[in-house]
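Asker: Sequence isn't available, so here's the structure alone:
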């Protein structure tokens with residue numbers, strides 16, 4: 001399960017689940033390009049550079065088994081990404097155009113790379129065990145210098161080592177890190193200093209448990225806003241409670257679980273929490289606007305939506321009928 005990762009296969013399972021209607025505004029698309037992971041004609045996830053209107057597209061990788069989870073360095077010069085191998089998922093970097101690829105970490109399952117502001121250091125989550133249905137429940141955070149290859153585990157305090165720490169996102173000034181941890185039992189969004197000290201639970205769900213579904217609410221994939229004042233994240237009942245993971249077919253319950261998936265934002269002090277909209281995989285555009293994604297049967301795949309005051313704008317960066325593995329904005 002960990003080699004494909006739960007968040008990369010979500011849309012393939014849920015595309016037929018209708019979560020409600022969304023009205024998209026038609027307007028000028030942002031002039032920033034993105035790097036997105038989606039299937040090539042052979043059904044293998046590759047990285048593509050695309051304009052936000054989906055018109056211009058350039059394939060960047062031609063991996064044998066697939067690339068996903070791209071992250072663009074703050075200076076706009078390099079990409080980090082996860083590449084599937086015969087024995088796991090490697091941590092890789094390349095130039096922005098996909099040239100000069102380097103495998104930084106070959107062994108194990110390495111996911112969700114995040115750049116430090118210096119565009120030199122990468123922080124990522126390494127899955128410790130494949131026995132968990134949810135990889136985030138048994139993971140460590142690691143940091144590597146991409147210029148000399150030196151790496152180490154990020155959190156080393158004995159108290160921190162008791163828990164799983166996953167899905168890192170470094171603040172724009174490099175002083176703080178948001179991450180997911182089970183320190184309070186369920187997966188929640190935490191913020192600490194870069195060494196893990198002074199950790200604080202940053203976003204408390206309105207309710208910890210869904211009584212009808214009979215499962216807890218959890219949180220995943222935190223990401224900082226460009227100004228460093230906000231954190232967006234996913235919240236809902238984890239998809240491991242759905243039929244493919246329980247082995248018990250229950251489409252009605254699956255649809256109810258999918259309907260809990262929402263993107264939220266909270267300020268860096270843990271205040272002013274608000275629901276952005278249904279979906280998963282939040283990102284922030286360079287303009288400070290949140291995007292979210294959700295399965296949309298109207299487009300035979302996901303809708304990636306940019307939130308704006310004028311209304312949501314759909315970014316057609318995923319071809320119809322294609323599975324995908326997240327996207328990253330290219331800095332201006």
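Answerer: Structure's in. What do you need? Since we're looking at a predicted model, the values are computed, not measured.

Asker: Around residue 256, count how many other residues there are.
Answerer: Other residues within reach of residue 256 by the criterion other C-beta atoms under 10 Å amount to 17. (Each C-beta comes from the backbone N, C-alpha and C, glycine too.)

Asker: same thing with residue 48?
Answerer: 22.

Asker: helix/strand/coil for it?
Answerer: strand (DSSP: H, G, I helix; E, B strand; the rest coil).

Asker: is it in a bridge, and if so with what?
Answerer: Beta-bridge partners for residue 48, by DSSP bridges, are residue 36, residue 59.

Asker: how much space between the closest residue to residue 307 other than its chain neighbours and residue 116?
Answerer: Nearest residue to residue 307 in three dimensions, chain neighbours excluded: residue 290, at 4.7 Å (C-beta to C-beta, 6 or more residues apart in numbering). Using C-beta to C-beta, to the nearest Å, residue 290 is found at 22 Å from residue 116.

Asker: of these two, who's got more company?
Answerer: residue 290 (22 against 19).

Asker: surely that one meets residue 284?
Answerer: Yes - in this structure, residue 290 is within contact of residue 284 by C-beta atoms under 8 Å, at 6.0 Å.

Asker: what touches both of those two?
Answerer: Counting by C-beta atoms under 8 Å, 6 or more residues apart in numbering, the contacts common to residue 290 and residue 284 are residue 232.

Asker: follow-up on the earlier one: residues in contact with the residue nearest to residue 307?
Answerer: Residues near residue 290 by C-beta under 8 Å, 6+ apart: 232, 263, 265, 276, 282, 283, 284, 306, 307.

Asker: so residue 107 makes contact with residue 86?
Answerer: No - contact criterion C-beta under 8 Å: residue 107 and residue 86 do not qualify, at 11.9 Å.

Asker: Run through who's touching stretch 177-188.
Answerer: The contact list for stretch 177-188 (C-beta under 8 Å, 6+ apart) reads 123, 134, 136-137, 141, 154, 163-171, 189-194, 196, 199, 201-204, 208, 216-224, 231, 233, 238.

Asker: Of those, just the buried ones, ChimeraX syntax please.
Answerer: The buried residues among the contacts of stretch 177-188 can be selected in ChimeraX (16 or more other C-beta atoms under 10 Å) with this line:
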select :123,134,136,137,141,154,163,164,165,166,167,168,169,170,171,189,190,191,192,194,196,199,202,203,216,217,218,219,220,221,222,223,224,231,233,238
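
Asker: What segments of the stretch 151-300 of the chain are strands?
Answerer: 151-153, 165-170, 176-184, 186-193, 200-201, 209-210, 215-224, 230-237, 262-267, 274-278, 280-284, 290-296 (DSSP state E, counting those that start in this stretch).

Asker: And the second one, what does it pack against?
Answerer: Secondary-structure packing of strand 165-170 (3 or more C-beta pairs under 8 Å, 6 or more residues apart in numbering; DSSP states H and E): strand 109-115, strand 121-127, strand 139-145, strand 176-184, strand 215-224.

Asker: residues making contact with the third one?
Answerer: Just to be clear, that refers to strand 139-145. Defining contact as C-beta under 8 Å, 6+ apart, one finds that strand 139-145 is touched by 91, 104-105, 111, 116, 120-128, 150-155, 164-166, 168, 177, 179.

Asker: The strands of the stretch 151-300 of the chain: which one's closest to residue 49?
Answerer: Nearest of the strands of the stretch 151-300 of the chain to residue 49, taken as C-beta to C-beta: strand 280-284 at 15.7 Å.

Asker: tell me what the closest one is packed against?
Answerer: So strand 280-284, by 3+ C-beta pairs under 8 Å, 6+ apart, packs with helix 6-14, strand 215-224, strand 230-237, strand 290-296, strand 324-329.

Asker: Who does residue 176 form a beta bridge with?
Answerer: Beta-bridge partners recorded for residue 176 (DSSP bridges): residue 193.

Asker: What is the burial count for it?
Answerer: Number of residues near residue 176 (other C-beta under 10 Å) recorded here: 20.

Asker: pretty sure it is touching residue 191, no?
Answerer: Yes - here residue 176 lies in contact with residue 191, judged by C-beta under 8 Å, at a distance of 5.6 Å.

Asker: low-confidence ranges in the stretch 101-250 of the chain?
Answerer: Applying pLDDT under 70 to the stretch 101-250 of the chain flags residues 130-131.

Asker: re earlier: any residues in contact with both of residue 176 and residue 191?
Answerer: Listed as contacting both residue 176 and residue 191 by C-beta under 8 Å, 6+ apart are residue 268.

Asker: buried ones in stretch 94-101?
Answerer: Buried residues in stretch 94-101 (16+ other C-beta under 10 Å): 94, 96, 98, 101.
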